[in-house]
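Undergrad: Got a predicted structure here, sequence first:
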Amino acid sequence: MTPGPPRTATVVGSGPNGLAAAVVLAEAGLRVTVVEAADTVGGGTRSAGLMVPGVVHDLCSAAHPLAQATPFFHRYGDRLADHGLAFATADVDMVHVLDAGRTASLHTGVSRTAAGFGDARDARAWRASVGWSATHADDIAAEFLQPVLHLPRHPLLFAGFGVNTALPATWSRRRFRTAEARALTAGIAAHAFTPLTRPGSSAAGALLTTAGHRYGWPVAVGGSQAIADALVGLLESLGGTVVTGTPVTDLGEVADADVVLLDTSVGTAASILGPRLPERVGRAWRRFRRGPAVAKVDYVLDGDVPWTAPDARRAGTVHLGGTAEQITAAEQDCWDGRLPSRPFTLVCQQYLADPSRSMVVDGRQLNPLWAYAHVPAGWDGTPQQTFELVTAQIEDAAPGFRDRIVDHVASPPAVVEAHNRNNAGGEISGGANDLVQLLARPRFSPDPYSTGIPGVYLCSSSTAPGGGVHFMCGMNAAVRALG
């Protein structure tokens, strides 16, 4: 690494964080090269025609509640639109299916969501607890999508929202008395892949709800790949370049750059850095833990999912998992290494917001469907077991679903990892999301992006603020590198 102001940068990995970091560095005047091991860019924002030509499937991320709320998007969103990025939402952002036809729906509007509970007290409680944060969604995102150790620009907002995020999710839902409101809260909190009885388990749900009430739970038109493609287009307009099909296994391969950013898992970064990694950083990284995994199925359907619940037929995202108590038990099972009898399952019907993903073939409307279930880390299920596990959850809420399946691709955790090395063990969050690792991600430091090696930084979802397509791990790391 050369002394003085950096002139060149290499980013290893082309996920949304790596590409975001590259854009920030290129705009600052550096000559930036992104090096990607896979043959296509995007990491967790890739899409492909897996089965039927013209039917587009998202390979990892699907809905993106946080993307438009972030400082990165506010800075670059218009230019990303110039490179083809557009978001769209379905009539209903998300519906949570309990059982016996009971549902709770999340809408972009706070009042519309609250009115759906059918209970005046719960409606007031929802508006009181969520309404103020939705009003300040952009400021909240700016405060909380960075390391916890920072000087807040909005200290009262930081303190007020921070108290809510520090609570266990099981406490947060106590403000509601209907099963529908409690289940909706628990299902959104379950996106953290952490026991809902633990302190800090409200954090992810609070952010997703806040951003959802401001921007909805949108999908990228054309597939999540459109996010990566727009980032690449913007980067290239700033003079940057992207090289695919080129794995990096040792820092020496990119050491001619003044700045190196690694959009990789902690384990991969440690392997690349090898003995150069300072022992104090290495010790912290070795303590960094992964969370539960996902078992995913992509379907091609003849028509729509025959949901019993009417709102589910109009929803971009559907949560399956039963009551708040059942979700809590299932998430605890996954954390403890047991496969739940009723795993929390997410289903995305992106084509309802973006019809361009579907095709009419021989008079049949063929639609893509995306679904995964939470499973324990290390679950060694086969593709057939994965298919049966996920399909059974959907069939329970949509009798006759199996009859609509034209084709499918099932991906147990091992296949999820093989598709993207950052998803170690089939875990898609970059690391466990318990309170310790919300504070120390991947280590307790005001600059968790630093590797301890001058000019080398980690910028993946294993750093603050964690998983999700929000670009901020990359932007934060790039700002530190420029500093």
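TA: In hand now; what should we look at?
Undergrad: In the protein, where is pLDDT below threshold?
TA: Within the chain, the ranges that satisfy pLDDT under 70 run 1-4, 100.
Undergrad: In it, spot the strand with the most residues.
TA: strand 364-375 (DSSP state E).
Undergrad: tell me which strands and helices that one is in contact with?
TA: Helices and strands touching strand 364-375, as assessed by 3 or more C-beta pairs under 8 Å, 6 or more residues apart in numbering; DSSP states H and E, comprise strand 57-58, strand 293-302, helix 324-335, strand 345-348, helix 383-397. No exception for glycine: its C-beta is placed from N, CA and C like everyone else's.
Undergrad: Outside of the third one itself, list whatever touches it.
TA: Put plainly, it is helix 324-335. With C-beta atoms under 8 Å, 6 or more residues apart in numbering as the test, helix 324-335 has contacts from 169-170, 173, 179, 182-183, 185-187, 190, 193-197, 291-292, 321, 339-340, 342-344, 374-377.
Undergrad: Give the buried residues for that helix.
TA: By 16 or more other C-beta atoms under 10 Å, the buried positions in helix 324-335 come out as Ala324, Gln326, Ile327, Thr328, Ala329, Ala330, Glu331, Gln332, Asp333, Cys334, Trp335.
Undergrad: for the residue lying closest to Leu439 once chain neighbours are set aside, what are its contacts?
TA: In space, and not counting its chain neighbours, Leu439 is closest to Val148: 5.3 Å by C-beta to C-beta, 6 or more residues apart in numbering. Applying C-beta under 8 Å, 6+ apart, we find Val148 in contact with Leu438, Leu439, Ala464.
Undergrad: The first one: what secondary structure?
TA: For Leu438, the secondary-structure state derived from DSSP: H, G, I helix; E, B strand; the rest coil is helix.
Undergrad: measure the residue nearest to Leu439 to Leu251 for me?
TA: 29 Å (C-beta to C-beta, to the nearest Å).
Undergrad: and what of Val390?
TA: Counting by C-beta to C-beta - Val390 and Leu251 are separated by 40 Å.
Undergrad: Which one's more surrounded, these two?
TA: Val390 (27 against 20; other C-beta atoms under 10 Å).
Undergrad: Next, count neighbours for the closest residue to the more buried one other than its chain neighbours.
TA: Of all residues not flanking Val390 in the chain, Val297 sits nearest, at 4.4 Å (C-beta to C-beta, 6+ apart). Val297: 25 surrounding residues under other C-beta under 10 Å.
Undergrad: repeat for the one 4 residues further on
TA: Neighbour count for Leu301, taken as other C-beta under 10 Å: 24.
Undergrad: Surely it and Asn367 touch.
TA: Yes - counting by C-beta atoms under 8 Å, Leu301 touches Asn367, with 4.9 Å between them.
Undergrad: Can I get the helices and strands packed on strand 364-375 in JSON lines including distance to Asp311?
TA: Shown next, in JSON lines, are the helices and strands packed on strand 364-375 (distance: least, C-beta to C-beta, whole Å):
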{"stretch": "strand 57-58", "distance to Asp311": "22"}
{"stretch": "strand 293-302", "distance to Asp311": "19"}
{"stretch": "helix 324-335", "distance to Asp311": "18"}
{"stretch": "strand 345-348", "distance to Asp311": "13"}
{"stretch": "helix 383-397", "distance to Asp311": "12"}
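Undergrad: Who does the residue nearest to Val390 form a beta bridge with?
TA: Ala371, Ala410 (DSSP bridges).
Undergrad: Surely it is in contact with Asp407?
TA: No - here Val297 does not reach Asp407: they are 10.9 Å apart, not a contact under C-beta under 8 Å.
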